[in-house]
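# one predicted model, sequence on top.
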Amino acid sequence: MAFDLKKDIIILDGAMGTVLQQRGLPAGGVGELLNLTDPDLLRSVYREYIDAGSQIIFANTFGANGRKMASTGYSVEEIITAAIRVAKEAAEDTETKVALDVGPLGELLEPMGTLPFEEAYSLFREMMLAGAKAGADLIVIETMTDLYEAKAALLAAKENTDLPVLVTMSFEERGRTFTGCTAASMAHTLEGLGADAIGLNCSLGPDLLLPILKEICANTSLPVIAKPNAGLPDPVDGHYDMAPESFAAALLPCLDAGVTIVGGCCGTSPDYIRALKQAIEDRAPVQRTYVPSAFICSAVTPCPISGVRVIGERVNPTGKKRFQQALLEQDLDYILDVAVAQEDAGADILDVNVGHPGVNEVEMLPKVVKKIQSAVSLPLQLDSTNADALEAALRIYNGKAAVNSVNGEEEVLHRILPIVKKYGAAVVGLTLDKSGIPQTAEGRVEIARKILNTALSYGIPREDVWIDCLTLTVSAQQEQAKETLKALRIIREELGLQTVLGVSNISFGLPARSLVTQNFLIQAMAAGLTIPILNPNQKEIMDAVAAFRVLSGEDEQCRSYIARFADSTNPAAVPASSALTLEDAIMRGLRSDAAKLAKLSLAERDELSLVENTLIPALDRVGMDYESGKVFLPQLLSAAQAAQSVFEVIRTAIAEKGGTPVKKGALAIATVEGDIHDIGKNIVKTVLENYGYEVYDLGKDVAPEVICTVSREKKLRLVGLSALMTTTLPAMEETVRQLKALPHPPNVMVGGAVVTADYADRIGADHYAKDAREAVEIARKVFG
Amino acid sequence: MVVSEALRYLGAANDAGTLRPQVEQMMGSIPETPRWTYRVFDLTFQNDTPSLSGFILPGNTAKKMLSGCEKAVLLACTMGLSFDARLRALQARNMAAALILNACGSALVEQGCDEAEHEIAVRFPNLYLTDRFSPGYGDLPLSAQKDLCALLDTPRRLGITLTDSMLMNPSKSVTAIIGLSCAPQMACIRGCGYCSMKETCALRKGGKHCGL
């Protein structure tokens, strides 16, 4: 190339869309068709940009993806081939390079929308292949607001082409994208995945993007791009408020901050690029000093390891019968509950382990990761020895993950580290190898060195290598506690690496375990442990972390510590009085009291009698109050949730005894195809589950075929369908039709905002459920 | 006001009892505020059918609503994807609270539309605003949503995208059309008789109405 992406100041082009609108193209049209219908117009715009000084022009392919082009009658390849050809013709005999321009797909990915990650990847892959084949010099992924979508596009570019890839996202003034992605999360994730340069485009003018650009510069070693709008548009006439000269002047502080690749987005034109070129003509790139530091993240939660960070250990089946049962039954909701509780208890990172006999980890690990990321914002540590499972989960993970773990064995290192590198993860190295755990600190440090050096040889940066020098049970090998602490100190001080340690194991087999665990944790943190793995639900353990953060100075002005204990003097936090009955607790929606009372109650009677004589009657009484208008839906749901906590007590008790759970009948529920609003369906599910029914939740936007398959395979007697919009009623009708055509058709109940009893009748549904309460009555009728 | 609106969505318009303080508390805990964008277009009529910048609004509802108007405003308002994420996270924790949050979001996005409308009224002190109406009202097809979102460039400006079935993401999003006229407008959208939801409306099923 005529320039060095890594070193030089490079000028990009300005807007295409708003320039075309100025030349008479109506707003909102499909601009990509111009590649075929009016190439001369495009060529003239490119020429103007090249003459103004653009060293890279973006071909007119922003929305040329299979989803958007489907209605045009042209294939993605046809449009992209034409677009690149036109741009290359314009750039002929100049040093300007042509980029394949890739914008968002226009539909939200899961879990925010319904487009699966893998489908997004395929759509991008089609574009990347066409662009490379047509001879694009590089790829630009731009205007992304969802880090997950940017990842799908970047992976598609890296895996299917050898071209350099630039990625820019659009941020709001508050420093996040529409989907809540932070600048730090974006920078670390995209650098890890192998982008060649990253930055911002669109949304705001250069002045307002400056603080976000600084944040990106502080979090990446890559060249940083700024391609802002010409200020803000006037709502009345759509004109942007910055003139070319003021736009160029406002970009100069961005260059001072370390940005090296600049251009313009909406509202800019060749005049802006000319002004920009003039303004920066004599400037040399500013040398940034970037200090790499340990960091993982989800899209919305950056987790710099700048103090003690707690990894929650509970998403793990080892020794937990109830969890094992959930894994085998694919009860993802239970697993999500375990994750949610740890986030709420103050964990910073969650370890995710689904290894158990009878569980296919390659399928289950990504499934569980997706489920957890749908409702938990914390970054995750993927815990498996199965390389395929790790790769499958790293692929669909949104953010920068950690991998747990490798060890000093050559074979393990060479199997796992390439995957860690490819997806830009951090990795935990256990200080053991084929000969076991070295008995001395020095032996463990030796293995740590080997792990570090092998990781470095794969191009994994030092700060992404975390060492676990292993906790041994003190009641069995008493002298080893000292060695672990010693190894920790050396690894921290001499190698300067982050350290991980599962602390709970230390106290195994001893009375008053938490005292020993807490004491060991404190000593380990003092010796340099930065990332303890523990059970965050144990208050005294987390108290120790809180106190340590005060003493280390990390908790500035002791704010978090004070907040943590502010509630403990509050009388409202004291559990309700002993006079409270289980019925009352359920009816008043007191979840933790209901669970406690249920545990006490199980000492005196069996599970079935608890359900039949207490739980269901209490729920029924709330149900009647709801029907008579004495209480409203939120209160009905509160009672259902309290009942759920009682059920959880019962399920755990049965699982511990090795029994099978009480279930009164199984049914599936789904929001029909095309419909994405699922809160109503979720309410019905909560209530039905708390009457003891097993509910297969098929989710939202579910195709009739999927519902039929589940009904057939699970031999279901009841299926519930929900629709919220008039536009999706035909999908409900079609689903009912297909279900009724099955050899053993299930009972079908339908409901949702736009569904009426008449309509239910007309489309051949067996039952119409006005609300969750009626759904229970229908289930009673069907299952007896 | 916005609390009462949320209570109405929860089916507890009058005598909400202990629900009112819960809604008030939830409302106070929501960091997101509604954000909006709008564009003003000149209105032309081709055989009585209103059109703005090539965007043709078919049917009697649009014709009636915009008759006598010189300009029309396209408006989009949303609580954003962060609100949806909050709602998803709360559903995994406390369904009852999520239901209240859901109602608060609906009330807040409508409040945002009211504020945007006020802003427009202030910018055009010499023009009168018609009632706002949306694709799906009366006989204005839901498919008009597509052009409306494209004209406002809602994916870039607000993060609003459409599914193939014309539903908007984020879930708490509203699009609307408002006519601007030199003469005062008769209120004509109020009442169930004009609403395309009248056959299936949950409030009507319960013998109530939304007050619009």
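Yep, that arrived. Numbers count the residues shown, from 1 in each chain, chains lettered A, B, ... in the order given.
# when you work out contacts or count neighbours from here on, use the C-alpha atoms and nothing else.
OK.
# assumed A:Glu245 was part of a helix.
Yes: the assignment for A:Glu245 (DSSP: H, G, I helix; E, B strand; the rest coil) places it in a helix.
# what about it, neighbour count?
Applying other CA atoms under 10 Å in any protein chain shown, we find 17 residues neighbouring A:Glu245.
# now do the contacts for it.
By CA atoms under 8 Å, 6 or more residues apart in numbering or on different chains, the contact set of A:Glu245 is A:Tyr272, A:Ala275, A:Leu276.
# what's the first one sitting at in phi/psi?
The main-chain torsion angles of A:Tyr272 are listed as degrees, to the nearest 10 and equal phi -70, psi -40.
# wait, it touches A:Ala248, no?
Yes: applying CA atoms under 8 Å, one finds A:Tyr272 in contact with A:Ala248, separated by 7.1 Å.
# what's the overlap in contacts for the two?
By CA under 8 Å, 6+ apart, A:Tyr272 and A:Ala248 have no common neighbours.
# how much space between B:Leu117 and A:Ala703?
One correction, residue B:117 is Glu, not Leu. 39 Å (CA to CA, to the nearest Å).
# could you do A:Lys158 as well?
32 Å.
# could you do A:Glu281 as well?
Taken as CA to CA, the span from A:Glu281 to A:Ala703 is 57 Å.
# out of those two, which sits in the more crowded spot?
Neighbours were counted for A:Glu281 and for A:Ala703 using other CA under 10 Å; A:Ala703 has more, 18 against 10.
# for the contacts of A:Glu245, which one is nearest A:Tyr693?
Nearest to A:Tyr693 among these, counting by CA to CA, is A:Tyr272 at 64.5 Å.
# ok, the closest one - contacts?
Counting by CA under 8 Å, 6+ apart, A:Tyr272 has contacts A:Gly14, A:Ala243, A:Pro244, A:Glu245, A:Phe247, A:Ala248, A:Gly264.
# how does it look with 7 Å?
Residues near A:Tyr272 by CA atoms under 7 Å, 6 or more residues apart in numbering or on different chains: A:Pro244.
# swap in A:Thr168?
A:Ile141, A:Glu142, A:Thr143, A:Met144, A:Ile198, A:Gly199, A:Leu200, A:Asn201.
# are we agreed that it is in a strand?
Yes: looking at A:Thr168 with three-state DSSP, it is inside a strand.
# and what about the residue most central in space within chain B, helix, strand or coil?
For chain B, the residue nearest the mean C-alpha position is B:Val174 (3.8 Å; CA atoms, centre = their mean). Assigned with three-state DSSP, B:Val174 falls in the strand class.
# that one against B:Cys77, yeah?
Yes: the pair B:Val174 / B:Cys77 is scored as a contact, 5.3 Å apart, by CA atoms under 7 Å.
# once you drop chain neighbours, what's closest to A:Thr530?
Distance criterion CA to CA, 6 or more residues apart in numbering or on different chains; nearest residue to A:Thr530, sequence neighbours excluded, is A:Val308 at 4.6 Å.
# helix, strand or coil for A:Met186?
With three-state DSSP as the criterion, A:Met186 reads helix.
# for it, which non-adjacent residue is spatially closest?
A:Leu147 (6.6 Å).
# residues in contact with that neighbour?
Going by CA under 7 Å, 6+ apart, A:Leu147 touches A:Cys181, A:Met186, A:Ala299.
# would JSON lines of those residues with neighbour count and pLDDT be doable?
Shown next, in JSON lines, are these (neighbours: other CA atoms under 10 Å in any protein chain shown; pLDDT from 0 to 100):
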{"residue": "A:Cys181", "neighbour count": "25", "pLDDT": "96"}
{"residue": "A:Met186", "neighbour count": "33", "pLDDT": "98"}
{"residue": "A:Ala299", "neighbour count": "28", "pLDDT": "97"}
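# tell me the one among those nearest to chain B.
Nearest to chain B out of the contacts of A:Leu147 is A:Cys181 (CA to the nearest CA; 9.7 Å).
# now the closest one: phi and psi?
Torsion angles, degrees, to the nearest 10, at A:Cys181: phi -70, psi 140.
# isn't it up against A:Ala299?
Yes: applying CA under 7 Å, one finds A:Cys181 in contact with A:Ala299, separated by 4.8 Å.
# residues of whichever strand in chain B runs longest that come out buried?
Longest strand in chain B by number of residues (criterion: DSSP state E): strand B:35-46. The neighbour-count check on strand B:35-46 (16 or more other CA atoms under 10 Å in any protein chain shown) flags B:Arg35, B:Trp36, B:Thr37, B:Tyr38, B:Arg39, B:Val40, B:Phe41, B:Leu43, B:Thr44, B:Phe45 as buried.
# circling back to that earlier point, can I get the contacts of A:Thr168 in TSV including secondary structure and neighbour count?
What follows is the contacts of A:Thr168, written out as TSV (DSSP: H, G, I helix; E, B strand; the rest coil; neighbours: other CA atoms under 10 Å in any protein chain shown):
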residue	secondary structure	neighbour count
A:Ile141	strand	25
A:Glu142	strand	24
A:Thr143	strand	24
A:Met144	strand	27
A:Ile198	strand	29
A:Gly199	strand	26
A:Leu200	strand	27
A:Asn201	strand	27
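# show me the strands in chain B, by range?
B:35-46, B:49-52, B:55-56, B:69-78, B:128-129, B:161-162, B:168-169, B:173-181.
# now tabulate those strands in a markdown table and tack on distance to A:Asn35.
Formatted as a markdown table, the strands of chain B follow (distance: least, CA to CA, whole Å):
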| stretch | distance to A:Asn35 |
| --- | --- |
| strand B:35-46 | 28 |
| strand B:49-52 | 26 |
| strand B:55-56 | 23 |
| strand B:69-78 | 29 |
| strand B:128-129 | 41 |
| strand B:161-162 | 25 |
| strand B:168-169 | 30 |
| strand B:173-181 | 31 |
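# how about the ones you listed in JSON lines, adding mean pLDDT?
Shown next, in JSON lines, are the strands of chain B (pLDDT from 0 to 100):
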{"stretch": "strand B:35-46", "mean pLDDT": "92"}
{"stretch": "strand B:49-52", "mean pLDDT": "90"}
{"stretch": "strand B:55-56", "mean pLDDT": "88"}
{"stretch": "strand B:69-78", "mean pLDDT": "95"}
{"stretch": "strand B:128-129", "mean pLDDT": "92"}
{"stretch": "strand B:161-162", "mean pLDDT": "92"}
{"stretch": "strand B:168-169", "mean pLDDT": "92"}
{"stretch": "strand B:173-181", "mean pLDDT": "95"}
